[in-house]
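Chemist: Next come a sequence and a model predicted from it.
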Protein chains: 4
Amino acid sequence: MLEDLKQMVYEANMLLPKHQLVTFTWGNVSGIDREHNLMVIKPSGVEYEDLTPDKMVVVDLAGHVVEGDWNPSSDTPTHCVLYQHLPTVGGIVHTHSPWAVAFAQAGVDIPVAGTTHADTFYGPIPVSRPMTADEVATDYERQTGTVIIETFRSRDIDPDQIPGVLVNDHGPFTWGQSALQAVHHAAILEEIAKMAYHTWQLNPQDIAIAPHLLDRHYLRKHGRDAYYGQTRHR
Amino acid sequence: MLEDLKQMVYEANMLLPKHQLVTFTWGNVSGIDREHNLMVIKPSGVEYEDLTPDKMVVVDLAGHVVEGDWNPSSDTPTHCVLYQHLPTVGGIVHTHSPWAVAFAQAGVDIPVAGTTHADTFYGPIPVSRPMTADEVATDYERQTGTVIIETFRSRDIDPDQIPGVLVNDHGPFTWGQSALQAVHHAAILEEIAKMAYHTWQLNPQDIAIAPHLLDRHYLRKHGRDAYYGQTRHR
Amino acid sequence: MLEDLKQMVYEANMLLPKHQLVTFTWGNVSGIDREHNLMVIKPSGVEYEDLTPDKMVVVDLAGHVVEGDWNPSSDTPTHCVLYQHLPTVGGIVHTHSPWAVAFAQAGVDIPVAGTTHADTFYGPIPVSRPMTADEVATDYERQTGTVIIETFRSRDIDPDQIPGVLVNDHGPFTWGQSALQAVHHAAILEEIAKMAYHTWQLNPQDIAIAPHLLDRHYLRKHGRDAYYGQTRHR
Amino acid sequence: MLEDLKQMVYEANMLLPKHQLVTFTWGNVSGIDREHNLMVIKPSGVEYEDLTPDKMVVVDLAGHVVEGDWNPSSDTPTHCVLYQHLPTVGGIVHTHSPWAVAFAQAGVDIPVAGTTHADTFYGPIPVSRPMTADEVATDYERQTGTVIIETFRSRDIDPDQIPGVLVNDHGPFTWGQSALQAVHHAAILEEIAKMAYHTWQLNPQDIAIAPHLLDRHYLRKHGRDAYYGQTRHR
């Protein structure tokens, strides 16, 4: 069942330690089959070195296990909410990568400090508001997803153009058209968080780049007139 | 004598360089056999690459060598005091891991800056008070253990819920149900110290997370209603 | 065509991941054949692990592809401008190495904080002025080169003595007599940016070294009376 | 000639990249044969991967090459001065390791922020005064050694108890009874510089440890009553 997706989600999970985005089991990747509305996700608390494609868990969007011998990631309900509200998303990643976590814990957006950020994210990486005691007490992981969606709606941010968020006092979620692209975004988010941190320490004033530079860099890699890479030439 | 425990303590010691928690020989792991009240600990000053299970030293809780050709770690008396006062503890680790040491040297608790911390430690990692000249002059290593115990008692902290401490101007000790779990806690303490440091530089105000978020994350992994991982499902 | 140069540019590109100067495909190296006024450069957006010498693209100094099946780096026009204005330069590197980017994003020159810097760069690494909306809108990559040249002319800096620059809010470019030397300069620039950053945090006053120390270190490795290394002895 | 010493100096040099203390060729190790007053040192500007024991250069204490096909390190005169004034020293190391350089560039002693420092160095690592234009103009490398010796004499520091120094705006030199011990000290100096830097950022007040704690840690590893390690037991 969904063997190709399991394989891809497995490989995407294995990229987390390769890119040094996880300590122990602190991260998970999922992918969705939009035709069947089924999601494949890492089992909870399993070490990466013990992971195999067949340990991936198949879950429906209500969070019920459809196939698999293992508990799915405890963050499964967050993934479900995101897939429900973000119809273009094919894969989701959650990590505790340390530079992104530093911003999440500080409750501060990652500003667009330079073109490295602008090449992938079309604006600051938003940090969600703190969750209330009620939200944390009941359906916590589901509410985490709801607060993420609220962050994008209330600030009028397009989740396709800024495919990542910092959950307040927690850590980053990223997404993409596939599980592999979501991991790519997770690695970039970590790298730009590190760069923004050091920029901040050197010069906290006027950290954000000019809007015209943001536009140029984002749009030369994304959208109709993109000219980076090999897509148009070959 | 205690061959299984020696093997486990050996393996736990070898995890310190694997997790990049030690430079040279600056760390040691012990484990206890509660039935015989005997402790197994790393020999003093031996390089990790030269370590073997049979070089582990068996010591009683007064610190006397019961078996072994090597001097036990010079920190052995500290381990002894901790085992005497913490009856649920099965293993203890001491390192000079650099981020934890930075907080120890600064004389500052590691605050609960986010959920990564809350997943394992149910509150700030306390730093002990500075030791007096008298404490340092006589039975220094034993007094180190006494000051650790005093830290938990005077601040009413449960050492099972916060299985680690920073000895002032020195470095971290962690513990757990086994030597392996103690190492796990040592690695997590180092990672959360790093994250807290950077959070602090970004936003020193209100660094601590909300109590309801601390509760949720700690309790979803510990205690009766824990639901993280595979324990309940399989 | 230009097989030796392709081989060298390939090898120079492969040094970028070896020296940990690139994440994903964020960097490129070129080399020039001054006799034929042809440049060899990395293809755009190709992963380093997939790179081979025959994938290198041959381009003329107007930026037109002369040979090769791949799009050249999107930064090709910047390289072209630099080769046109810097006649002694044989190779050029662009990266997003994180410490250099931090200074570029902060809009701050890398000061000559010590002899490590002075051994290679005969003064601060200049940061260019921000590019205007007009410059970014039209011929952006070409204008990037123009602004780099302007930086050296307006501040009267000799690009042979300071073979590198920080493009404002973007990142470093370095150059040298060959592609390999340009990579060498890129790696040194990253290391001295890291050192200067930490010096700055410890003591922001009087960060620059004395002019006589700068002279001695630069000149013992460069120019007529250089005495470092093996050139004169063997 | 001096084959054993060449072998040891070669091995000590190769430990510099192993301990990540050098970038490119920015470091050198020497050892001395006190019987013949001859010193063995790394050749200048040779990559570590190209180093072999027979490339080590034999030099007398006036700095003249006695044996070897290569130029000795350009820092050779500094080593000579140190050997002349420090009769107990058997090996010397110079690096540009980045944390130590940050303090040297900041012109700030590395304070004894904790027991990790106190275990090896019996007080702050001193930074030398800036060198004058005259000192830099003539016999620069020799004068570097003279200023190091002046630093220890004028501040009444015992170079056996604090086997290292930061040359102002330059970097660290360390020494020991052998070339291998000097490298050991270089690695420790780098680690404690990193720890002190982060301590400083967390809490710049009262960074130094209590004198009784410094005494205890230094003396339990050094001198007559040392009890760390295996020396007394076996």
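Modeler: Yes, it's here.

Chemist: Show me what from chain A comes close to chain C.
Modeler: A:113-116, A:184, A:187-188, A:191, A:194-196, A:198-199, A:201-203, A:206-207, A:209-210, A:212-213, A:215-216, A:220, A:227-230, A:232-234 (CB under 8 Å from any CB of the partner chain). C-betas here are computed from N, CA, C, even on glycine.

Chemist: List only buried entries from those.
Modeler: Buried residues within the residues of chain A next to chain C, defined by neighbour count using 16 or more other CB atoms under 10 Å in any protein chain shown: A:113-116, A:184, A:187-188, A:191, A:194-196, A:198-199, A:201-203, A:207, A:209-210, A:212-213, A:216, A:220, A:228-229.

Chemist: hmm, back to that, looking at the residues of chain A next to chain C, which are in helices?
Modeler: Among the residues of chain A next to chain C, DSSP state H puts A:115-116, A:184, A:187-188, A:191, A:194-196, A:198-199, A:201-202, A:212-213, A:215-216, A:220 in helices.

Chemist: can you map out the strands along chain A?
Modeler: Remark: strands assigned in chain A by DSSP state E are A:27-33, A:38-41, A:57-60, A:65-67, A:91-95, A:164-167, A:171-176.

Chemist: Check those for me and report the most buried one.
Modeler: Highest mean neighbour count among these (mean count of other CB atoms under 10 Å in any protein chain shown): strand A:91-95, with a mean of 29.

Chemist: wait, what's in contact with the residue nearest in space to the middle of chain A?
Modeler: Nearest to the mean C-alpha position of chain A, by CA atoms, centre = their mean, lies A:T174 at 1.0 Å. Residues near A:T174 by CB atoms under 8 Å, 6 or more residues apart in numbering or on different chains: A:I92, A:V93, A:P163, A:G164, A:V165, A:A182, A:V183, A:H185, A:A186, A:L189.

Chemist: Any chance of these in TSV with pLDDT as columns?
Modeler: TSV is the format used below for the contacts of A:T174 (pLDDT from 0 to 100):
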residue	pLDDT
A:I92	98
A:V93	98
A:P163	98
A:G164	98
A:V165	98
A:A182	98
A:V183	98
A:H185	98
A:A186	98
A:L189	98
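
Chemist: how near is A:T116 to C:E49?
Modeler: 21 Å (CB to CB, to the nearest Å).

Chemist: Sorry, slip of the keys, the one I care about is A:S44.
Modeler: In this view, A:S44 and C:E49 are 32 Å apart by CB to CB.

Chemist: between these two, which one's more packed in?
Modeler: The neighbour comparison of A:S44 against C:E49 (other CB atoms under 10 Å in any protein chain shown) goes to A:S44, with 21 against 7.

Chemist: wait, isn't that one in contact with A:P72?
Modeler: Yes. Between A:S44 and A:P72 there is a contact at 6.3 Å, judged by CB atoms under 8 Å.

Chemist: Please list all residues in contact with A:E47.
Modeler: A:E47 makes contacts with A:F24, A:T25, as judged by CB under 8 Å, 6+ apart.

Chemist: separation between it and A:V93?
Modeler: Using CB to CB, one gets 18 Å for the distance from A:E47 to A:V93.

Chemist: Check A:H212 too.
Modeler: For A:H212, the distance to A:V93 equals 31 Å [CB to CB].

Chemist: again, but for A:V136
Modeler: Counting by CB to CB - A:V136 and A:V93 are separated by 22 Å.

Chemist: now do A:V66
Modeler: 21 Å.

Chemist: Could I get the contacting residues of the residue of chain A found nearest chain D?
Modeler: As assessed by CB to the nearest CB, chain D sits closest to A:Q201 within chain A, at 9.4 Å. Taking CB under 8 Å, 6+ apart as the contact definition, A:Q201 lies against B:Q201, C:Y197, C:Q201.

Chemist: try A:T78
Modeler: Counted by CB under 8 Å, 6+ apart, A:T78 has contacts A:H94, A:E141, A:R142, A:T144, A:G145, A:I148, A:F173.

Chemist: Just the buried residues of those.
Modeler: By 16+ other CB under 10 Å, the contacts of A:T78 give A:H94, A:E141, A:T144, A:G145, A:I148, A:F173 as buried.

Chemist: Looking at the residues you listed, which is nearest chain B?
Modeler: For the buried ones among the contacts of A:T78, the nearest to chain B is A:E141 (9.0 Å; CB to the nearest CB).

Chemist: List the residues that contact the closest one.
Modeler: A:S74, A:D75, A:T76, A:P77, A:T78.

Chemist: Leaving out sequence neighbours, find the closest residue to it.
Modeler: A:P77 (4.0 Å; CB to CB, 6 or more residues apart in numbering or on different chains).

Chemist: For stretch A:7-19, the averaged confidence score.
Modeler: Across stretch A:7-19, the average pLDDT comes to 98.

Chemist: Run through who's touching that stretch.
Modeler: Residues outside stretch A:7-19 that contact it (CB under 8 Å, 6+ apart): A:22, A:27-31, A:40-42, A:48, A:51-53, A:56, A:91, A:93, A:95, A:178-180, A:182-183, A:186-187, A:190.
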